[in-house]
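Peer 1: Prediction below, plus the sequence it came from.
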Amino acid sequence: MTDGIYTLANDAVLDQLIAFLNSVEANAGDYPVAVFAYDDNTAQVAAEIAHRPNVTLLDDPALFEAWETFSLAVWQTHPTALAQWRQQGIKGVRRLGANHRYAAFDEAAPFERFIYFDADVVVLNSVDFIFQQLDHSDTVIYDFQFKDPTHIYTVESPKLTELFSPERLEYEIFCSGFFASHRGFFAAEERAWIVEQLATGDAEVLYPRAPNQSLLNYMMMRSRKSIYNFARELPTEQSTGCAVTSTHFEERDRLVFDHGNCLTFLHYIGVGASTFARLCAGENLDCPYRDTFLTYRFLHHPDQRPQFRGKPKPLNPSPSLFKRVAQKLGL
């Protein structure tokens with residue numbers, strides 16, 4: 001059985017990708033990594049992984065074609081999404097390239113069992129236990145997204161609780177930046193069935209502002225794939241968070257700890273690609289857990305790591321007194 005790790009990238013997230021690949025190499029175990037191309041802008045990605053024998057770039061449009069077609073068919077069932085996106089100047093499906101992660105399920109994909117991570121992740125611990133759980137579960141997750149279903153589904157829809165019980169919503173929903181599963185799920189017949197169910201009215205529960213995440217959750221839950229969440233199953237004193245929005249983590253020895261427990265991964269969710277580019281170029285920005293990111297970004301070239309002096313600039317500085325007064329006066 002071939003186990004492996006996927007991510008998704010293009011040249012716009014090169015700094016994050018380098019940090020991710022270095023962290024996998026340092027901490028995850030000896031697993032092959034495959035990078036799904038987000039779009040055609042991957043020249044720098046290809047050059048970066050050319051000297052990494054354990055990493056491959058998956059950029060064949062034929063691998064993504066069926067999943068792009070499926071994505072469009074899905075959102076054509078939604079009452080407003082395509083019209084909303086057209087008004088925003090988006091042709092077709094919003095962030096369609098993000099749906100290339102679905103190709104992990106394709107029969108032509110390289111790994112029989114896989115873990116998918118977004119590229120803005122650093123892996124900080126062994127992932128063996130995740131693959132071991134795949135012996136018993138269709139899907140494995142490890143996050144606290146269940147605390148905020150508003151970024152998964154349109155929670156105002158009365159259809160939502162008709163489809164899924166409160167208990168399932170409190171356990172099974174997950175952030176699409178990390179999930180583990182099996183190749184071969186969602187073959188053509190099952191994809192067609194999913195579109196049929198959405199067309200009967202289910203589509204109103206999908207959340208158009210996070211299309212890949214909302215649809216992936218629906219696919220798993222509607223098809224009743226078994227979902228195991230370590231954040232729910234581990235004893236409270238052993239489970240850890242994973243998002244940089246948590247402010248209590250402790251950085252030490254190239255790792256990050258949550259009340260003494262080493263995180264499996266740290267997801268820099270909400271931190272834009274431009275922030276990482278500016279940081280790596282030497283701009284002194286107050287990015288959360290920036291030492292950890294920079295450690296892995298420059299793991300093999302520590303001499304190139306920027307050296308900062310003085311107080312870092314906040315990522316979202318407060319408006320000046322003049323601007324605050326002007327806004328108050330409506331100027």
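Peer 2: On my side now, so go ahead.
Peer 1: Give me the nearest residue to Ala98, chain neighbours excluded.
Peer 2: Asn212 (4.2 Å; CB to CB, 6 or more residues apart in numbering). The way it works is simple: take the backbone N, C-alpha and C, and place the C-beta from them, glycine included.
Peer 1: tell me the SS of Pro208?
Peer 2: Look at Pro208: counting by DSSP: H, G, I helix; E, B strand; the rest coil, its state is coil.
Peer 1: pretty sure it is in contact with Arg94, am I right?
Peer 2: Yes - using CB atoms under 8 Å, Pro208 is in contact with Arg94, at 7.0 Å.
Peer 1: Report the contact partners of Arg278.
Peer 2: Applying CB atoms under 8 Å, 6 or more residues apart in numbering to Arg278 gives the contacts Leu285.
Peer 1: The helix or strand hosting it - what's its average pLDDT?
Peer 2: Element membership for Arg278, per DSSP states H and E: helix 273-280. Helix 273-280 carries an average pLDDT of 96.
Peer 1: Can I get it as CSV, trimmed to CA atoms?
Peer 2: Extracted in CSV, the C-alpha atoms of helix 273-280 (Å, rounded to 0.1, in the frame of the first residue of the first chain):
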residue,chain,number,x,y,z
ALA,A,273,0.9,34.9,0.7
SER,A,274,2.1,38.5,0.4
THR,A,275,2.8,38.6,4.1
PHE,A,276,5.1,35.6,3.8
ALA,A,277,6.8,37.1,0.8
ARG,A,278,7.5,40.4,2.6
LEU,A,279,8.6,38.6,5.7
CYS,A,280,11.1,36.4,3.8
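Peer 1: Flag every buried residue along it.
Peer 2: 273, 275-276, 278-280 (16 or more other CB atoms under 10 Å).
Peer 1: Also stretch 43-57?
Peer 2: 45, 48-49, 55, 57.
Peer 1: These in helices, which ones?
Peer 2: Judged by DSSP state H, helices contain the following of the buried residues of stretch 43-57: 45, 48-49.
Peer 1: Any chance you could list what contacts stretch 230-247?
Peer 2: 129-130, 133, 140-144, 146, 171, 178, 249, 257-259, 261-271, 288-289.
Peer 1: how about Glu48, what does it touch?
Peer 2: 14, 17-18, 21.
Peer 1: gap between it and Ile194?
Peer 2: Applying CB to CB, to the nearest Å, the value for Glu48 to Ile194 is 35 Å.
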